[in-house]
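**Q** With the input below, show me the fold.
(2 chains)
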Number of protein chains: 2
Amino acid sequence: MTKQRLSLYDTTLRDGQQTQGVQFSTEEKHLIAKSLDALGVDYIEGGWPGANPTDSAFFDEAPQTRARMTAFGMTKRKGMSAQNDDVLAAVLNANTASVCLVGKTHEFHVHTALGITLDENTENIAKSIAHLVAQGREALFDAEHFFDGYKANPDYALEAIRAAYDAGARWIVLCDTNGGTLPAEIGRITAEVIAAGIEGSRLGIHTHDDTENAVACTLAAVDAGVRQIQGTLNGLGERCGNANLTALIPILKLKEPYASLYETGVSDAALQGLTRTSRMLDEILNRVPMKQAGFVGSSAFAHKAGLHASAILKDPSTYEHVDPAVVGNTRIIPMSNQAGQSNLRRRLEVAGLVVAKGDPALAQILDEVKAREGIGYSYDTAQASFELLARSVLGQMPDLFEVKRYRVTVERRKNKYDQMISLSEAVVVVKVDGEKRLSVSESMDEAGSDRGPVNALSKALVKDLGQYSALLEGWRLVDFKVRITQGGTEAVTRVTIDSEDAQGRRWSTVGVSANIVDASFEALLDAIRWKLIRDKGAANAG
Amino acid sequence: MTKQRLSLYDTTLRDGQQTQGVQFSTEEKHLIAKSLDALGVDYIEGGWPGANPTDSAFFDEAPQTRARMTAFGMTKRKGMSAQNDDVLAAVLNANTASVCLVGKTHEFHVHTALGITLDENTENIAKSIAHLVAQGREALFDAEHFFDGYKANPDYALEAIRAAYDAGARWIVLCDTNGGTLPAEIGRITAEVIAAGIEGSRLGIHTHDDTENAVACTLAAVDAGVRQIQGTLNGLGERCGNANLTALIPILKLKEPYASLYETGVSDAALQGLTRTSRMLDEILNRVPMKQAGFVGSSAFAHKAGLHASAILKDPSTYEHVDPAVVGNTRIIPMSNQAGQSNLRRRLEVAGLVVAKGDPALAQILDEVKAREGIGYSYDTAQASFELLARSVLGQMPDLFEVKRYRVTVERRKNKYDQMISLSEAVVVVKVDGEKRLSVSESMDEAGSDRGPVNALSKALVKDLGQYSALLEGWRLVDFKVRITQGGTEAVTRVTIDSEDAQGRRWSTVGVSANIVDASFEALLDAIRWKLIRDKGAANAG
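**A** Numbers count the residues shown, from 1 in each chain, chains lettered A, B, ... in the order given. You can find the predicted model right below:
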């Protein structure tokens, strides 16, 4: 059986920009467009030329892509011709091969938002699409509020999309603009549209996640016969976001019946880059990646329950619906007081530490983990600190350097211009290669994620670590979490630090103390030690 | 037509605890159980007694709830009777009215994970459920991997659940343990189970979000006839999480066809507490609330697109599928202050600040709140800081004291006994009653929630505040939360402090800075000012 081709239409750069707190620069839009192209989507909606300066600038120097670059706009307004509507002209002036125009299909909106008659609206749609076609462009029509419109007045909703269809739109995209329609209803209405004579091969679906059903709504429309899917990376978008392509793409490629029935422009190799693409977008937006995201989340293949973890060791398919490697993700078996020895061995293997089944060191490591969890540590996410702990129990902890003492001062006072300023200064004394070294560093009114004592300490710590300093270039703190927790009988502070190095590798470490600076320093030290041990040079030196 | 009753089974305290990075304390479990009970769920699965110390401790003093408190465990093991299985005995010893046991229904797992015959597994299920029933307990059976098992061997999967059904289990819960089954398949298989003679009124559904379809899979099972829904608050849970009750509850209560066909134990009033319940859970876990979450996310009713925002002003139903107020959420319209004024007046009244409707100060306060939220503040929980901000806009902020400067030093070094010790020392200079006062304080190896710089600063700050020092006796920090957040274009640190005074009164304040010590100090200052203003003496002095 030949597979049907599904078209993937990405609107991260347009609807994705409606996410609260998201504002792309033109340069960021270029970076994202290139990633989308590498992934293999068919269309990249670049924005609304004329509606805001960043979008116009993007199209002025739009990147060369295999995917069809598409400009977004709206159908012409009443009282002017398609040729004379300056808003529409700005969209066409972007000179893209494809143009997508949004228009009304819900009578309530025609009356309430536009204040025109239904016939006038139909004519605006027909004339606008015909204008695009006459200009030699591929035309797409986003049928706004289609499902709500169809429920209110099916005849008019169909008339509106038929106007675009008959005028030559390549794709009619059924939009659930308010995100309130549930999957079963999406499926039923889509089937009725096809039964009314609009071919599925010219239909698309655009859903929102307001009921957390955007992916399911999209699948229901595909089941009913649509052949284009609109969505965004990481489910960015207005309100709760658009249908998440980062989930839909692996579903279409890996899950039945989709894998057998359909094909897309995303290759197996590109699919392996999916996790990286998702994280890259978060990086650009400076958002913390969602751990629980399907397929690409860092927890998506984390097996915490003891029973699950022991079965995974026997056969990963016991608790994994797909192999994490095919989407470029990795399996994690977190350490926690729920886990047993098999879990532990698997986790040690990840760290390159092979310990035989039944080795008494396993019980010792588990005891040590439990004892430390009892005083407030958590090794659930802090895999790097767990590895160091295991190494020290196993006697495989290289002797890198020793911190003799440190001191950090935070001061808030007026400067000579009578402005209040803050200054953090840290002194760290280490012994490395038999030599004592003193370093001092300060943080003040500079760019960066932290201008406080932890930043000052981390800078002083790496400033002069002898042979190791070069290895630590490019190492930085990407996240810092603090929580008060119970450590035995008293409250203590637990600090978890996420680090990243120049190669883009990420790791997490933990520190605990009744003093937040001490806890932070402990997590910093673990972060550095882990990197030095993992990087060959240091391991040999150890 | 009479509505069918749907049973809601919450497993936040058990499967929710499998979330990577989540580790509830017993006290937190109590708090969450009370919130769930107020929400109106029918069952609260409290944990697995005997499997880990926190769960056992929770059941030892389980809270009194209207919801049925349920202990979780697994079916008896081969080679021992239900009476003699100590793991099962520990579950029964929790003395809950309802008990839920998980068992295998997938032949692959019976062989691979358990290493027993299919008949032995069937017997383990039947005997375990019969044992619960004989003990007078309500029995639930979690059919692990049911959908994968049914696809591999439908006869055995049905035989396994029929064993539990015939032994008297009140509910047979069909679990998609690996989260890989898509909604259409969930619907089809569930319908086949019912056609095979297992009544829908005794069937439940338990799904996971690995393909971001957990909510849709749950709805598909309800459509097919199941009458119990298992899920968690905020979709916590193993890997990508469980079906999200925070989305499912409003769907069932507000959206068709569910609102007309079914009823649940969640009242309209409780539904209005949904957003607060969701945020409270994040607060307990120190997680950043997901802005884009359906219904309860802070972006769920944020209308960023210009066309949307202007239509919303004409009629909110143009771009909202439900009214945010019914789930206790609020509309956000950038560029408009229309929304929120009545909310604001209510919140000011709580602080004893009466402002007339239409007073321009209301818009000013809203603007100030918004501007500060834009740079990283959050006034969701920090009511005391909100009051101070409102007072300063209203010109009702008494002049108490001025901090001229401070300095805090944290030092870690060896003492004379060659032990590593930490010491924090703070100097604070204030001007009070026209006089400059210098205070110094240190924290070292003493009991208390914090032996670090914040503790030292707070002690120095209150040490000599002239007329105010007496009022601050007994004031202490009871919680301290730190979060990295977005402040404009850069990451900043937000510190929230919970204070308690000698009278047992509690209040929360917030501070934001790129320097954690500065942010903490700001929250400390707010805490002190709020108390001084609230306590009569100081208000008169102001």
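**Q** Next, the closest residue in space to residue A:298 that isn't next to it in sequence: secondary structure please.
**A** Spatial nearest neighbour of residue A:298, excluding adjacent residues (CB to CB, 6 or more residues apart in numbering or on different chains): residue A:291 at 5.0 Å. No exception for glycine: its C-beta is placed from N, CA and C like everyone else's. Three-state assignment for residue A:291 (DSSP: H, G, I helix; E, B strand; the rest coil): coil.
**Q** My guess is residue A:291 contacts residue B:21. True?
**A** Yes: if you go by CB atoms under 8 Å, residue A:291 and residue B:21 touch, sitting 7.3 Å apart.
**Q** Flag every residue of the stretch 1-150 of chain A that's near chain B.
**A** Residues of the stretch 1-150 of chain A found near chain B (CB under 8 Å from any CB of the partner chain) are A:18, A:19, A:20, A:21, A:74, A:108, A:109, A:112, A:113.
**Q** What subset of these is buried?
**A** Among the residues of the stretch 1-150 of chain A next to chain B, those classed as buried by 16 or more other CB atoms under 10 Å in any protein chain shown are A:18, A:19, A:20, A:74, A:108, A:109, A:113.
**Q** Which ones among the residues you listed lie within strands?
**A** Cross-referencing these against strands under DSSP state E gives residue A:74.
**Q** any chance of the buried ones among the residues of the stretch 1-150 of chain A next to chain B in a markdown table, with pLDDT too?
**A** Shown next, in a markdown table, are these (pLDDT from 0 to 100):
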| residue | pLDDT |
| --- | --- |
| A:18 | 88 |
| A:19 | 88 |
| A:20 | 80 |
| A:74 | 96 |
| A:108 | 95 |
| A:109 | 94 |
| A:113 | 86 |
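**Q** Residue A:407 in helix, strand or coil?
**A** Going by three-state DSSP: residue A:407 is strand.
**Q** so where do the strands sit in the stretch 301-450 of chain A?
**A** A:402-414, A:420-432, A:435-443 (DSSP state E, counting those that start in this stretch).
**Q** Same list (those) but as TSV, adding distance to chain B.
**A** Below are the strands of the stretch 301-450 of chain A laid out as TSV (distance: least, CB to the nearest CB, whole Å):
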stretch	distance to chain B
strand A:402-414	4
strand A:420-432	5
strand A:435-443	8
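**Q** pLDDT value on the closest residue to chain B within the stretch 151-300 of chain A, please?
**A** Here the stretch 151-300 of chain A gets closest to chain B at one residue, residue A:180, 2.4 Å apart by CB to the nearest CB. At residue A:180, the model reports a pLDDT of 97.
**Q** gap between it and residue B:213?
**A** 18 Å (CB to CB, to the nearest Å).
**Q** I'd guessed residue A:10 sits against residue A:36; true?
**A** Yes: using CB under 8 Å, residue A:10 is in contact with residue A:36, at 5.2 Å.
**Q** what residues do those two have in common as contacts?
**A** Taking CB atoms under 8 Å, 6 or more residues apart in numbering or on different chains as the contact definition, residue A:10 and residue A:36 share the neighbouring residues A:44, A:67, A:233.
**Q** residue contacts, residue A:214?
**A** Contacts of residue A:214 (CB under 8 Å, 6+ apart): A:179, A:207, A:208, A:231, A:235, A:240, A:241, A:242, A:243, A:244.
**Q** again, only this time at 10 Å
**A** A:176, A:179, A:183, A:205-208, A:231-232, A:235, A:237, A:240-244, A:247-248, B:212, B:216, B:294 (CB atoms under 10 Å, 6 or more residues apart in numbering or on different chains).
**Q** returning to that earlier point: enumerate every residue touching the spatially closest residue to the residue of the stretch 151-300 of chain A closest to chain B that is not a sequence neighbour.
**A** With sequence-adjacent residues excluded and distances taken as CB to CB, 6+ apart, residue A:180 is closest to residue B:321, at 2.4 Å. Contacts for residue B:321 (CB under 10 Å, 6+ apart) come out as A:148, A:176-181, A:208, A:210-211, A:239, B:254-255, B:294-295, B:301.
**Q** tell me the helices in the stretch 301-450 of chain A, going along the chain?
**A** Here the stretch 301-450 of chain A has its helices, by DSSP state H, counting those that start in this stretch, at A:306-314, A:341-350, A:360-374, A:383-394.
**Q** In the longest one, which residues are buried?
**A** Going back to what we said before, that points to helix A:360-374. A:361, A:362, A:365, A:366, A:369, A:372, A:373.
**Q** Local confidence estimate at the residue nearest to residue A:440 when sequence neighbours are not counted?
**A** Leaving aside its sequence neighbours, residue A:440 sits nearest to residue A:427 (CB to CB, 6+ apart; 4.9 Å). As summarised for this prediction, residue A:427 has a pLDDT of 96.
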